[in-house]
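Engineer: sharing a model prediction with you, sequence too.
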Amino acid sequence: MAKQKTQKSQEFLQQNHHNHNDVDDDPPPACLKGRFDNFKGISVKSKDIKWSNDTDFENRLTASLKHWKATNVRGVWFRVELEHSSIVPILAKKKFVFHHAQPTYVMMTRWLPKDEPNQLPGYATNYVGVGGFVLNAKNELLVIQEKFAKKPHWKLPGGHADAGEDLAETAKREVLEETGIETEFVSVICFRHWHNYRHGQSDIYFVCHLKPLTHKIKPCPHEIAASQWMDLDTFESHPAVSTMNRYIVESFRNNLMCKNSLLPRKVNSHDKPGEEHLYYSVHPVQNGFHKTELH
């Protein structure tokens with residue numbers, strides 16, 4: 001029975017696993033070149049192909065779609081650089097839809113099978129923000145008032161993570177940019193998941209405990225209206241502090257009381273040899289909040 005199941009599994013994999021060479025064995029000369037993936041999809045970049053004019057492009061796209069359908073390509077990803085934007089209406093005419101856009105390109109997609117629902121993944125659905133909980137030896141918290149806030153209120157310095165930036169680096173960078181204070185990462189205190197944040201997307205906001213390495217505040221004149229070191233108890237009870245920020249202080253105190261710390265550890269990637277990913281988990285703390293192995 002086990003042998004029969006194994007044989008059926010192998011047959012299924014042979015039928016469904018995509019080999020890069022299976023799809024494009026003998027493409028017509030006019031077929032647009034692209035990179036095949038493991039899901040029987042193809043990615044085409046406008047900067048990697050050539051055409052003489054819009055009519056030539058449309059003819060080549062038509063021929064390509066015919067070939068891709070005949071060879072069971074499922075999804076087509078088409079990246080159009082800004083300088084090639086004249087072909088966007090042609091792609092739309094051929095039933096391509098927008099997937100996402102960046103300052104220098106737009107990504108369009110088309111799902112080809114008629115007997116299978118669209119399996120192409122959507123674009124990123126969450127922003128990632130990081131706040132810096134910077135507490136000095138006097139039990140004073142580094143706080144700011146933003147220049148363009150609807151009403152004055154005290155909060156933690158912080159902002160959005162850049163692409164490819166770890167949480168600790170975002171926290172340190174944002175604190176330095178907004179207050180001029182240099183810090184080192186200690187741990188993650190808590191995080192919030194908020195929906196319908198901007199443009200219908202969700203937001204994950206992490207709060208990082210940071211240790212100050214400098215103490216003289218130099219607020220950013222473009223973003224920050226005021227910044228100061230405020231006693232932690234005063235901040236927690238201040239009328240111009242939000243419920244969310246009070247909860248962050250409560251979480252910090254709970255972590256101290258329970259002697260727990262949310263720390264990252266480097267773990268080898270399961271699908272990219274040589275790469276390491278950060279996994280955050282709860283670790284017991286013996287002598288206060290210890291530093292992580294990332295420093």
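Structural biologist: Arrived safely, thanks for sending.

Engineer: could you pull out the strands for the stretch 101-250 of the chain?
Structural biologist: Per DSSP state E, counting those that start in this stretch, the stretch 101-250 of the chain carries strands over the ranges 105-111, 126-134, 140-146, 158-160, 183-198, 201-212, 224-231.

Engineer: buried set for the shortest one?
Structural biologist: By neighbour count, and taking 16 or more other C-beta atoms under 10 Å as the criterion, the buried residues in strand 158-160 are 158-159. In this view, the C-beta of every residue, glycine as well, is placed from N, C-alpha and C.

Engineer: hang on, the earlier thing: what's the closest of the strands of the stretch 101-250 of the chain to residue 68?
Structural biologist: strand 105-111 (9.3 Å; C-beta to C-beta).

Engineer: pull up the pairing partners for that closest one, direction included.
Structural biologist: Partner strands and pairing direction for strand 105-111 (DSSP bridges) are strand 75-81 (antiparallel), strand 97-102 (antiparallel).

Engineer: who wins for proximity to residue 133 among those strands?
Structural biologist: Among the strands paired with strand 105-111, strand 97-102 sits nearest to residue 133 (C-beta to C-beta), with 32.0 Å.

Engineer: contacts for the closest one?
Structural biologist: With contact meaning C-beta atoms under 8 Å, 6 or more residues apart in numbering, strand 97-102 is reached by 77, 106-110, 120, 122-124.

Engineer: count of neighbours near residue 236?
Structural biologist: Using other C-beta atoms under 10 Å, residue 236 has 18 neighbouring residues.

Engineer: tell me who's in contact with residue 131.
Structural biologist: 155-158, 171, 174, 205-208, 248.

Engineer: 7 Å instead, please
Structural biologist: Contact analysis of residue 131 by C-beta atoms under 7 Å, 6 or more residues apart in numbering lists 156, 158, 205, 207.

Engineer: any idea how far the third one is from residue 228?
Structural biologist: Read that as residue 205. 22 Å (C-beta to C-beta, to the nearest Å).

Engineer: same question for the second one.
Structural biologist: Counting by C-beta to C-beta, the gap between residue 158 and residue 228 amounts to 16 Å.

Engineer: what does the last one give?
Structural biologist: When distance is defined by C-beta to C-beta, residue 207 is 19 Å away from residue 228.

Engineer: of those two, who's got more company?
Structural biologist: Remark: of residue 207 and residue 228, residue 207 carries more neighbours, 27 against 14, as counted by other C-beta under 10 Å.

Engineer: quick one: pLDDT of the nearest residue to residue 250 once chain neighbours are set aside?
Structural biologist: Of all residues not flanking residue 250 in the chain, residue 236 sits nearest, at 7.8 Å (C-beta to C-beta, 6 or more residues apart in numbering). For residue 236, the pLDDT comes out at 96.
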